[in-house]
Each structure stands twice: as structure tokens, then as C-alpha cells.
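[1] For reference, the sequence and a predicted model appear below.
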Amino acid sequence: MEASPLRVVQEGPVARVWLARPAVRNAFDDETARALAEAFDGLTQEWALRAVVLEGEGGTFCAGGDLGWMRRAAAYDAARNLADAAAFQRAFEAIDRFPRPVVAVVRGAALGGGAGLAAACDLVLAAGDAVLGFPEVRLGLVPGVVAPYVLRRVGPAVARRLFLTGERVGAEEARRLGLVDEVAPPADLDAALTRWLDRLAEGSPEAQGRAKALVRELTEAPSHPARLEVARRAIADARASADGREGIEAFLARRRPRWAP
């Protein structure tokens, strides 16, 4: 029986998801995409979950597309390529729409789909020696599926630079460009992750899910009046929610809300 391309372990309120193909530097293929979508869909049922950490086994986050998968895809017709891209896309959407914070921990390389995978997460922590980039144009390709998440993170000007040059950037430059939120020495990366998880634990899990949806809906709204409507509904619904009422009551009573550690 073929080994799973993922390893998923739940540690109390945090789920750890590892890309588990270290022999190929966790290269992305159709099976990995399917497994990621299924894993994140399954974790939505874990109501006590507060966050998910996504990382790669073996010292590399994800070195890009698997060569065998890319070779097969080159022989697909247009319809098969569209279906393959849609399956690839489902993995990214499962992460983007996951109702809890998702933190990427990048060690080693995050290239092509690997860098896009990090961009789809809510927070990205990187080791100081990590390298990120989108080398697709050097292979005659484009970073199509990952582009919406990269564009949202860095904006169109930086996305054009990275997509057109195919250059690899170090962790500090990636942080400056907006691809990464924090850079830490490799030995300190786990401590940095713990600090971020502690910060996230202070927030209402229900409100965090609503906040993720709010950003997505504002980004997708077709006009300024539509964005105003999204914003009005977001605060009205949050005020009426169980966590909204609990948070206000806790604040007025000068006590910690029930979700806080």
C-alpha cells in the first residue's frame, strides 16, 4: 500500500500537518493535492481545534511540482489539464477557507506550488536560511493556481516581479516583500511558532473564522457599495453571535473570555 503524502497529528487544540514526501523534497503532485483537501475538510469537524500548522518533513517545506506529475500533465489534453488544475485548486481553497488560523512553517525551499501553499496560509514563519520563489516561467509555465493567494499577499507589482523573473528570494527579502510574516534562526523557529500560537489562542475561534471570511468577501465584492454591505453584515452578525456576547460580557466584567487560555 502506497504511503500517504501527508502526516496529520492533533496535539490538543493544534493540528500539525506535514507534507511527508521527504525523498522528493515534498514535491507537490495530484495525490498530495487530494490528500491536503481531504485533510483540511476533515479537520473542519474538529470543533475544539484552534489552529493548524502546515510544514514539511525532512528540512524542506515543498520544492515545487513533482517531476513525474509534471511529465504526465504535459501529455494531457486541454480538458484533462483543466480537471487537474481544478483538483490542485481544491487543496488551496480548503486551506484558504478553513475556519481556523493556518500557520505555515517554512524550512528549506518553498518553490512554485510550495511557495503558493505558504501564501494560502494565514501566517507564514520562515527559517532564516529558507528560500522562496516562483520558477514556473523558467519551465515555460505560469503559477496559475497559486496566483490569487500570492497576489493577495504581496500585491500586483511584487507578484509580477516574482512571476516574471522566476527568481528565488531569501527569507528576509521574502518578509520585506510580504510573502513571510516572521523570520527566525532555524533553531528558534519552534519558539517563534509557539509565540504565534499563544497570540492566536487569545482570540475567539468563531470570530477568527468570521474575520477570515470577511477579508475574503471584501476582496471578492464587485463594488464599493457591496463591500460596505459585507462590512455591515459582518459586525451585525458578530455582535449577535455567542462569542460576541461572551467577549463583551467578559470585557465589562474584567474577566477573561471562556475561549482564552
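    Sure thing, it's come through. Numbering: from 1, shown residues only.
[2] tell me the helices in the stretch 1-150 of the chain, going along the chain?
    30-43, 67-74, 78-96, 113-120, 147-165 (DSSP state H, counting those that start in this stretch).
[3] tilt between the fourth one and helix 78-96?
    Relative orientation of helix 113-120 versus helix 78-96 (axes from the mean of the first three to the mean of the last three Cα atoms, to 10 degrees): 40 degrees.
[4] What separation do you get for residue 86 and residue 30?
    Distance from residue 86 to residue 30, counting by Cβ to Cβ, to the nearest Å: 11 Å. For every residue, glycine as well, the C-beta is placed using N, CA and C.
[5] Could you do residue 204 as well?
    Applying Cβ to Cβ, the value for residue 204 to residue 30 is 37 Å.
[6] who has more neighbours, these two?
    The neighbour count for residue 204 versus residue 30, taken as other Cβ atoms under 10 Å, is higher for residue 204 (20 against 16).
[7] Now the closest residue to that one other than its chain neighbours: which helix or strand?
    In this structure, residue 204 finds its nearest non-sequential neighbour in residue 243, 4.1 Å apart by Cβ to Cβ, 6 or more residues apart in numbering. Assigned by DSSP states H and E, residue 243 belongs to helix 242-253.
[8] Could you export that helix as CSV, CA atoms only?
    What follows is helix 242-253, C-alpha atoms only, in CSV (Å, rounded to 0.1, in the frame of the first residue of the first chain):
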residue,chain,number,x,y,z
ALA,A,242,-22.4,33.7,21.1
ASP,A,243,-18.7,34.6,21.1
GLY,A,244,-19.6,38.3,20.5
ARG,A,245,-21.8,38.4,23.5
GLU,A,246,-19.3,36.5,25.7
GLY,A,247,-16.5,38.8,24.7
ILE,A,248,-18.3,41.9,25.6
GLU,A,249,-19.6,40.5,28.8
ALA,A,250,-16.1,39.3,29.8
PHE,A,251,-14.6,42.8,28.9
LEU,A,252,-17.2,44.6,31.1
ALA,A,253,-16.8,42.1,33.9
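[9] if we look at the worst-scoring helix or strand of the chain on mean pLDDT, which residues are touching it?
    Every helix and strand of the chain was ranked by mean pLDDT, DSSP states H and E. The lowest is helix 67-74, at a mean of 79. With contact meaning Cβ atoms under 8 Å, 6 or more residues apart in numbering, helix 67-74 is reached by 27, 28, 29, 30, 81, 84, 139.
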